[in-house]
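Student: Can you look at this prediction? I've put the sequence above it.
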Amino acid sequence: MSDLVIQPSRGLHGTITLPGDKSISHRSVIFSSIAEGETVINGFLTGEDTINTAKAMQTLGINIDGLGSGSLLVKGKGLDGLAEPAGILDLGNSGTGMRLLAGLLAGQDFFSVLTGDQYLRKRPMARIAEPLRRMGALIDGRANGKLAPLAIRGAGKHARPLDYVSPVASAQVKSALLLCGLYADGETRVSEPSKSRDHTERMLRFFGVEVKEEGLRVSLKGRQTLRSPKAIDIPSDISSAAFFLVAATIVPGSDLTIMNVGVNPTRTGIVDILNAMGADITLQNQREQAGEPVADLRVKHQRLRAITIAGEVIPRAIDEIPVISVAAAYASGTTIIRDATELRVKESDRIATMAAELRKLGVDVKELPDGMEIEGRESLDGARCESHGDHRIAMSLAIAGLAATGATRVRDAEWIETSFPGFERLLQNTAYQ
């Protein structure tokens, strides 16, 4: 087990480039595998989560060159080119990888088994398993099919289209059903209570698939051919940028520019929330890349004020709530976070874990069923903290330590490698120069 020790910083400066977007990396290797032709993927995230998805595609018979280098060559075999795996597909810690692959495998004409680490095996899978069963797949698992490992007998040529109203706004649920819908004879429709991230829809269009959007409903017709765009250039992950946006905001003297960040409007809740709290963040050189909006983000230190964070912005910032709670801890007043029940079923219960760890740093936190009330302070107290096996908790606590009094130690920080390889080195180079 490795610990990460954070000393107070005197400011973050310079220009940095972050790893590729995790959500887009997962999708790029999956869609390239079932497309016609070869695809070069530049900027592929070399974290454990995305590597596990790529290895799963290799086990399904896809030739992928350059794995681990950040530049992949995927030799697609078309919609019906996957092969029954000889072994179990292990997705490690990745909920995105497991849920998207469950959707893909539900449309195949063979048997497969998906598993993951101790944390992933605790995460709810009924939200995808139940609608995928309605599309014709046979899915079983622990707790009556609600938990991984998941055993999937795909529907194959018997896959049925589905008109599904999702009780939660979840890009993973939506993407799983659309992936299975590619194999169905007819139109699959997914409606959500609010708009979740739309990387799947954008990338499918980039591969030539017709995807319709009507309000909060997304639909596609099955048996469409995916054609390789030849190359995909993946922007930097705004979820990774979030840690540095908060860091530069809370540490006095900071002036930092983060290059080539994906600013998909379904993902920019972090920017809107921080600016509403008084942050100084500007989007520069806005452009489009592989169907995704991209910009350079400049952020300067600014004293924050408390706000209420709730409603439609929550799905657009759900992964960033842990580090947003760190910003709230340094804000003037009491920040209220509501409508974030989804945090209870992430890699950890992120409401409970962040509340517990912020208290160690001297913050007055009230845990709510769907969020937190956080009383801000001018400075936090360095402390010994726990990652709880959750990469975003570990990184959020590291950021909190940058403006604390005294050293902060984050135990079991190796989980950071699942989504942000090189985080510690980049933080050292940025915050202590």
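Tutor: Perfect, I can see it now.
Student: contacts and neighbour counts: CA atoms only from here.
Tutor: Fine.
Student: Output the contacting helices and strands for the least confident helix or strand in the chain by mean pLDDT.
Tutor: Here the helix or strand of the chain ranked lowest by mean pLDDT, DSSP states H and E is helix 142-145, holding a mean of 92. Contact analysis of helix 142-145 by 3 or more C-alpha pairs under 8 Å, 6 or more residues apart in numbering; DSSP states H and E lists strand 147-153 as its packing neighbours.
Student: could you point out which element follows the strand it packs on?
Tutor: Scanning forward in sequence from strand 147-153 by DSSP states H and E, the next helix or strand is strand 163-165.
Student: what's next to that next one, contact-wise?
Tutor: Strand 163-165 is contacted from outside by 131, 188-192, using C-alpha atoms under 8 Å, 6 or more residues apart in numbering.
Student: redo that, cut-off 10 Å
Tutor: With contacts defined as C-alpha atoms under 10 Å, 6 or more residues apart in numbering, strand 163-165 is touched by 131, 134-135, 174, 177, 187-193, 216-219.
Student: who does the helix or strand containing Cys385 pair up with?
Tutor: In this structure, Cys385 is located in strand 384-386 according to DSSP H and E. Paired strands of strand 384-386, with direction, are strand 408-411 (parallel) (DSSP bridges).
Student: Packing partners of the helix or strand just after the partner strand?
Tutor: For strand 408-411, the following helix or strand on the C-terminal side (DSSP H and E) is helix 423-431. Helices and strands touching helix 423-431, by 3 or more C-alpha pairs under 10 Å, 6 or more residues apart in numbering; DSSP states H and E, are strand 4-6, strand 13-17, helix 238-250, helix 391-402.
Student: residues of helix 423-431 that come out buried?
Tutor: 423-424, 427, 430-431 (16 or more other C-alpha atoms under 10 Å).
Student: Stretch 88-107 now?
Tutor: By 16+ other C-alpha under 10 Å, the buried positions in stretch 88-107 come out as 88-107.
Student: now stretch 340-354
Tutor: Across stretch 340-354, burial judged by 16+ other C-alpha under 10 Å covers 340-344, 346-348, 350-354.
Student: Figure out the length between the terminal residues of it.
Tutor: 13 Å (C-alpha to C-alpha, to the nearest Å).
Student: which SS class is the closest residue to Ile374 other than its chain neighbours?
Tutor: Sequence neighbours aside, Val365 is the residue nearest to Ile374 in space, at 4.7 Å (criterion: C-alpha to C-alpha, 6 or more residues apart in numbering). What DSSP: H, G, I helix; E, B strand; the rest coil gives for Val365 is strand.
Student: which neighbours does whatever helix or strand Val113 lives in have in its sheet, and in what orientation?
Tutor: Here Val113, judged by DSSP H and E, is contained in strand 111-115. With DSSP bridges as the test, strand 111-115 is paired with strand 89-90 (parallel), strand 147-153 (antiparallel).
Student: what's near enough to touch the spatially closest residue to Ala310 that is not a sequence neighbour?
Tutor: In space, and not counting its chain neighbours, Ala310 is closest to Arg338: 4.9 Å by C-alpha to C-alpha, 6+ apart. The contact partners of Arg338, by C-alpha under 10 Å, 6+ apart, come to 308-311, 314, 368-373.
Student: Now that we have those residues, which of them are buried?
Tutor: Among these, those classed as buried by 16+ other C-alpha under 10 Å are 309, 314, 368, 371-373.
Student: Helices along the stretch 251-400 of the chain, start to end?
Tutor: 269-276, 321-329, 350-360, 391-402 (DSSP state H, counting those that start in this stretch).
Student: would you list these in TSV and tack on mean pLDDT?
Tutor: Listed next are the helices of the stretch 251-400 of the chain as TSV, based on pLDDT from 0 to 100:
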stretch	mean pLDDT
helix 269-276	98
helix 321-329	98
helix 350-360	98
helix 391-402	97
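Student: Report the secondary structure element holding the nearest residue to Tyr432 once chain neighbours are set aside.
Tutor: Excluding the flanking residues, the one nearest Tyr432 by C-alpha to C-alpha, 6+ apart is Ser9, at 6.1 Å. Per DSSP H and E: Ser9 is located in neither a helix nor a strand.
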